[in-house]
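Q: Dropping the sequence and predicted coords here.
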Amino acid sequence: MILKKKFIELAGVYSSKLLPMHIMLELTNKCNCKCIHCYIEKEQLFFLPVSKIKILFDSLKKMGCFKITFTGGEFFEHPDYFDIIRLTEEFGFIYTIFSNGFSVDESLLKYLNKSTLFRSFHLSIYGISDKTNDMITATPGSLKKLMSTIELLKKYNLEFILKTALMKPNFNEWEDVMNFCSKNRYTHAFEFMLFPSETGKTHPMKYALDKNELVKINSIFRDKYKKKLYLKVNRDREAFLNEKICVAGKNKLAVSYRGDVFPCLLLRKPAGNIFNDKIEDIWYNSNWLKELRNVRNRDIQGCGSCDKIEYCKFKCPGISQLFYGTIYRRPESRCLIADIKESNMKNYESPEFTKYLSVADLTEAPIFDPGASNVSEGINLTLNVADCAEAKTATDYINQNLYCVEESTGI
Ligand code: SF4
Ligand code: SF4
């Protein structure tokens, strides 16, 4: 627990000193599932070579980085994933692995069981019926494979979190997924956002929930499950508008399967490429990163005059970039969530509501959540958790240092 607290504090220090603390590495765009909402393009396959990763790690270590998140495509589809994990251990980074859980390697799990640096797996679960899960992954047997993976992770005593991207095809099954996780005491979070593909194709968006569906989910949480989900922030308007936007490029970076260096995996506007540039040069000299680090909330078109800032979790510049090709326009999908929160908040001015704020200590602690609008200055933050029925869960959520688990059920 002390370590976790330190971790959170460190995030603030790294942001304020502009040091890269956390890197997300997309090892490959190859995947063994074909999820209908996937934003990664796969016409041509790429794999980051171990030799390049070694050079990258060497520089990152010198720059103070200490956390790596591996993602894809699918982590286990990189032919050298085991070597990459050994390398990560040699350099002493702590690390997390995102996977679809379709085909894991038991020998790696055995290895991770002995690791003091490995943190957790993040696995996707879309439904609790084969029909739904397999329809979304477009891969027969995906749910059964995921369930086997979960059993293996338990066997090797490895931490994991299950995440559900909510969309039209699983709209009728989200409660079952939530109840399954709750019954088994699995950590679980919902994600509400779907994104255009990395090159701007909009096909994933046809599965996105509309306002009526979001409101319905909200009502079910409130009325059926009696969840106290509404974390509103009492913000000083001027201070909020002066805050800098998220931590992308401030204490975190991402490297794509092509070697492109992005401020964040969602903010896919490159600052350089590791095949052409040294990561140090990119981090310290990129004009794009310098620009991004100075953007404040008031610079986002529409936010300056917004009357819902108390309900706005974050104005993800990555979403704006993907949707509109610029970070300077408000992401309307976020505004919609703020709008729903505001209309429902009226029912929730209750002692229970404030309890969540105080237990999670959200009003003071700088939290390592890239969705937070300003980690370095420790301003008030909102937080949405997958299961807020107990405040403990909110604390767990923070302690897991999740990266942009999107608006979960807190709409
Ligand atoms: S709700 Fe929309 S306009 Fe308002 S602060 Fe958030 S992103 Fe900006
Ligand atoms: S808000 Fe989060 S997901 Fe969006 S660009 Fe910033 S760090 Fe990335």
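A: Thanks, I have it. Ligands and ions are numbered 1, 2, ... in the order given.
Q: Can stretch 34-50 be said to contact ligand 2?
A: No - if you take Cβ under 6 Å from any ligand atom as the test, stretch 34-50 misses ligand 2, and the best it gets is 12.2 Å. Where C-beta positions appear, they are placed from N, C-alpha and C, glycine not excepted.
Q: please renumber so the chain begins at 2
A: That works, and once the first residue is 2, the last one we named lands at stretch 35-51.
Q: Spell out which residues of this protein are next to ligand 1.
A: So the chain meets ligand 1 at 301, 303-304, 307, 309-310, 313, 316, 331-332, 335-336, 339 (Cβ under 6 Å from any ligand atom).
Q: Please flag which of the residues you listed sit within helices.
A: Arg335, Cys336, Ala339 (DSSP state H).
Q: For the residues you listed, which entry has the maximal number of neighbours?
A: Arg335 (24 neighbours; other Cβ atoms under 10 Å).
Q: What separation is there between it and Gly319?
A: Relative to Gly319, Arg335 is positioned 11 Å away (Cβ to Cβ, to the nearest Å).
Q: where exactly do the helices run in the stretch 202-351 of the chain?
A: For the stretch 202-351 of the chain, the helices defined by DSSP state H, counting those that start in this stretch cover 212-220, 238-243, 280-286, 288-294, 318-325, 333-346.
Q: Is Glu214 in contact with Asn171, as I believe?
A: No - counting by Cβ atoms under 8 Å, Glu214 sits too far from Asn171 to count as a contact (11.0 Å).
Q: Tell me which of the two has more neighbours.
A: Asn171 (23 against 14).
Q: and that one, what does it touch?
A: Neighbour list for Asn171: Tyr127, Gly128, Thr133, Ile137, Thr165, Val178 [criterion: Cβ atoms under 8 Å, 6 or more residues apart in numbering].
Q: Of those, just say which sits nearest to Ile151.
A: Val178 (12.9 Å; Cβ to Cβ).
Q: got the contact list for the closest one?
A: Ile126, Tyr127, Gly128, Ile129, Leu163, Thr165, Asn171, His189.
Q: and the first one, how many neighbours?
A: Residues within reach of Ile126, counting by other Cβ under 10 Å, total 25.
Q: For the nearest residue to it once chain neighbours are set aside, list each beta-bridge partner.
A: Distances taken as Cβ to Cβ, 6 or more residues apart in numbering place Leu163 nearest to Ile126, at 4.7 Å, with adjacent residues excluded. Beta bridges link Leu163 to Leu124, His189 when assigned by DSSP bridges.
Q: I'd guessed Leu163 sits against Leu124; true?
A: Yes - between Leu163 and Leu124 there is a contact at 5.5 Å, judged by Cβ under 8 Å.
Q: picking that back up, among the contacts of Asn171, which two are most distant?
A: Longest span within the contacts of Asn171, Cβ to Cβ: Ile137 and Val178, 11.5 Å.
Q: sorry, back to before: with respect to ligand 2, which of the helices of the stretch 202-351 of the chain lies nearest?
A: helix 318-325 (3.3 Å; Cβ to the nearest ligand atom).
Q: what sits up against that closest one?
A: 40, 194, 196-197, 199, 201, 246-247, 249, 265-270, 293, 296, 301, 327-335.
Q: Quick check: PyMOL command selecting the buried ones in these.
A: Remark: buried members of the contacts of helix 318-325, expressed as a PyMOL selection using 16 or more other Cβ atoms under 10 Å:
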select buried, resi 40+194+196+199+246+247+249+265+266+267+268+269+270+293+296+301+328+330+331+332+334+335
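Q: Let me have the ones in helices among the residues of the chain next to ligand 1 in CSV, adding distance to Pro141 and pLDDT as columns.
A: Shown next, in CSV, are these (distance: Cβ to Cβ, whole Å; pLDDT from 0 to 100):
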residue, distance to Pro141, pLDDT
Arg335, 35, 77
Cys336, 38, 84
Ala339, 39, 78
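Q: could those go into TSV alongside distance to Asp261?
A: Converted to TSV, these look like this (distance: Cβ to Cβ, whole Å):
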residue	distance to Asp261
Arg335	25
Cys336	29
Ala339	31
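Q: Model confidence score at the closest residue to ligand 2 within the stretch 102-251 of the chain, please.
A: Closest approach between the stretch 102-251 of the chain and ligand 2, counting by Cβ to the nearest ligand atom: Cys247, at 3.1 Å. Looking at Cys247, its pLDDT is 82.
Q: And the one 10 residues further on, by the same measure?
A: Per-residue confidence for Ser257 comes out at a pLDDT of 97.
Q: which residue packs closest to it, ignoring adjacent ones?
A: Glu27 (4.9 Å).
Q: For ligand 1, see how far away the one you found is.
A: For Glu27, the distance to ligand 1 (Cβ to the nearest ligand atom, to the nearest Å) stands at 26 Å.
Q: Now do that residue, the pLDDT please.
A: 97.
Q: Repeat that for Leu230.
A: For Leu230, the model assigns a pLDDT of 50.
Q: Distance across stretch 188-202, terminal residue to terminal residue?
A: End-to-end distance of stretch 188-202 (Cα to Cα, to the nearest Å): 32 Å.
Q: right, is it up against ligand 2?
A: No - using Cβ under 6 Å from any ligand atom, stretch 188-202 never reaches ligand 2; the gap is at least 9.2 Å.
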